[in-house]
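A.B. asks: Fold the following, please.
(2 chains)
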Number of protein chains: 2
Amino acid sequence: MSAQASSRFPQLTVWLPAWVDEFLPDPDTVFPSVEDRMQLAIDLARTNVEQGTGGPFGAAIFDMDSHKLIAPGVNVVVPSCWSGGHGEMVAYAIAQQVLQNHDLGGPGMPRLELITSTEPCSMCFGATPWSGIRRLVCGARDADARAIGFDEGPKLDDWVQALESRGIEVVQDILREQASRVLQDYAANNGVIYNGRND
Amino acid sequence: MSAQASSRFPQLTVWLPAWVDEFLPDPDTVFPSVEDRMQLAIDLARTNVEQGTGGPFGAAIFDMDSHKLIAPGVNVVVPSCWSGGHGEMVAYAIAQQVLQNHDLGGPGMPRLELITSTEPCSMCFGATPWSGIRRLVCGARDADARAIGFDEGPKLDDWVQALESRGIEVVQDILREQASRVLQDYAANNGVIYNGRND
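C.D. replies: Now for the predicted structure:
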């Protein structure tokens, strides 16, 4: 489609780092339990930091029936020069390219869930109803991210209920301790805590 | 950077449609008043519909001191297969590529504002503190978008105050009537009202 694209302005390309290709198992691999699926999101978060490709946040879109991976996501904010590059946003964007549909809950789509190593910030929360997923599974709490200095933004107090009232099931605290440890280790190693401007 | 990119998963490329190159005036053009700048966002919204390149929403990032355009944005949700492709998100993403910085409010950056033809949805609201802009100027109210069937998502009642408490000035109702007319005309012409899944 780039023949139809503006040549005056640059483009943003959202891509996954090359290491995910070797990191991930065969595409037909089944992740039977929710802990199996969360473990993948946590491992993506940790590996993203180790590889120097972004912040300590990982996510993944799974088919809720086959329990196979549709698309992973990792935080790419700093390397991509894109404040929207949170793990959840990247997972939504890549899954939508895999399935060639802006609505992952549209007709003909499999039933999909997002697994995220940390509860969504205000942006990723707001993006979730538009994504089309039917379930959101979270590891660390947003309080765990705030505890190391990441700003989760202004969120509704009842954000869980707000999603559930729109037909999106929310599951919290899956492997929370292990997911939080990724954040704590990142802070302990003086990882960059990027946030909105603070002046 | 694509040498470092995964080859197993597709990429999302966020780009502006080609018509913006001829539509926009010379890059050195100054838009002195806030109404001049809002007129551009409204015209982007209307032209995006006329050109068949997305929904009835336009936005633009301006330098608050020179009043020159840094980057426009239009809604590209359906053609890009990307639920995150709202006008505001596209403007943030393209401006961040222009300035090669994920934080438009970071050191060395000009003071920037976002002009948007309609108040932000819950996602674009949440994305705003991460973008680094210092002022958000809105045309139509979110109630005007809801009136034609677009879902603005679960937003804080005090979203304006939430942004202002983070140092982001919010200006509402600039050319609201004209901005709303773009939405009304879109609905009257049976434009596609895409939303999150509703089953």
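A.B. asks: Which parts of chain A are strands?
C.D. replies: Secondary structure of chain A (DSSP state E): strands at A:12-14, A:58-63, A:69-74, A:112-118, A:135-140, A:169-171.
A.B. asks: Could you point out which of those sits nearest chain B?
C.D. replies: Counting by C-beta to the nearest C-beta, chain B lies closest to strand A:12-14 out of these; the figure is 4.1 Å. In short, each C-beta sits where N, CA and C put it, glycine included.
A.B. asks: For that closest one, give me every contacting residue.
C.D. replies: Contact with strand A:12-14 is made by A:76, A:80, A:82, A:85, A:90, A:93-94, B:1-2, B:11-15, B:93-94, B:96-97, as judged by C-beta atoms under 8 Å, 6 or more residues apart in numbering or on different chains.
A.B. asks: and that strand, which strands flank it?
C.D. replies: Counting by DSSP bridges, the strands paired with strand A:12-14 are strand B:12-14 (antiparallel).
A.B. asks: So for the strand it pairs with, mean pLDDT?
C.D. replies: Averaging pLDDT along strand B:12-14 gives 98.
A.B. asks: so how far is it from its chain's centroid?
C.D. replies: Chain-centre distance of strand B:12-14: 16 Å, with C-alpha atoms, centre = their mean, to the nearest Å.
A.B. asks: Which positions in that strand come out as buried?
C.D. replies: By 16 or more other C-beta atoms under 10 Å in any protein chain shown, the buried positions in strand B:12-14 come out as B:Leu12, B:Thr13, B:Val14.
A.B. asks: For A:Ser180, give its distance to A:Ala187.
C.D. replies: 11 Å (C-beta to C-beta, to the nearest Å).
A.B. asks: Check A:Ile70 too.
C.D. replies: Applying C-beta to C-beta, the value for A:Ile70 to A:Ala187 is 31 Å.
A.B. asks: Next: A:Val160.
C.D. replies: Going from A:Val160 to A:Ala187 by C-beta to C-beta gives 26 Å.
A.B. asks: So the two - more neighbours on which side?
C.D. replies: Ranked by neighbour count (other C-beta atoms under 10 Å in any protein chain shown), A:Val160 and A:Ala187 place A:Val160 first, with 18 against 15.
A.B. asks: wait, what's in contact with the more buried one?
C.D. replies: A:Val170, A:Gln172.
A.B. asks: Scan chain A for its longest helix.
C.D. replies: Longest helix in chain A, counting residues (DSSP state H): helix A:34-50.
A.B. asks: residues of that helix that come out buried?
C.D. replies: Using 16+ other C-beta under 10 Å as the test for burial, helix A:34-50 gives A:34, A:37-49.
A.B. asks: Stretch A:68-79 now?
C.D. replies: Buried-residue list, stretch A:68-79, by 16+ other C-beta under 10 Å: A:Leu69, A:Ile70, A:Ala71, A:Pro72, A:Gly73, A:Val74, A:Asn75, A:Val76, A:Val77, A:Val78, A:Pro79.
A.B. asks: Would you agree A:Ser7 is in contact with B:Asp21?
C.D. replies: Yes - A:Ser7 is within contact range of B:Asp21, at 6.2 Å (criterion: C-beta atoms under 8 Å).
A.B. asks: what's stretch A:90-102 in contact with?
C.D. replies: A:14, A:16, A:59-61, A:70-76, A:104, A:109, A:112, A:114, A:116, A:127, A:131-133, B:9-12, B:77-78, B:80-85, B:194.
A.B. asks: where does chain A have low pLDDT?
C.D. replies: A:1-3, A:195-199 (pLDDT under 70).
A.B. asks: would you list every one of the helices in it?
C.D. replies: Remark: helices assigned in chain A by DSSP H are A:19-23, A:34-50, A:77-80, A:87-99, A:122-131, A:142-147, A:159-164, A:176-188.
A.B. asks: Now tabulate those in JSON lines and tack on distance to B:Asp65.
C.D. replies: Converted to JSON lines, these look like this (distance: least, C-beta to C-beta, whole Å):
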{"stretch": "helix A:19-23", "distance to B:Asp65": "42"}
{"stretch": "helix A:34-50", "distance to B:Asp65": "37"}
{"stretch": "helix A:77-80", "distance to B:Asp65": "26"}
{"stretch": "helix A:87-99", "distance to B:Asp65": "30"}
{"stretch": "helix A:122-131", "distance to B:Asp65": "27"}
{"stretch": "helix A:142-147", "distance to B:Asp65": "34"}
{"stretch": "helix A:159-164", "distance to B:Asp65": "37"}
{"stretch": "helix A:176-188", "distance to B:Asp65": "36"}
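A.B. asks: closest to B:Gly139 out of those helices?
C.D. replies: Closest approach to B:Gly139 among the helices of chain A (C-beta to C-beta): helix A:122-131, 19.8 Å.
A.B. asks: Quick one: check the longest helix of chain A for contact with chain B.
C.D. replies: No - taking C-beta under 8 Å from any C-beta of the partner chain as the criterion, helix A:34-50 and chain B are apart, separated by no less than 12.0 Å.
A.B. asks: Neighbours of A:Pro32, how many?
C.D. replies: Residues near A:Pro32, counting by other C-beta under 10 Å, number 8.
A.B. asks: what residues are up against it?
C.D. replies: A:His67.
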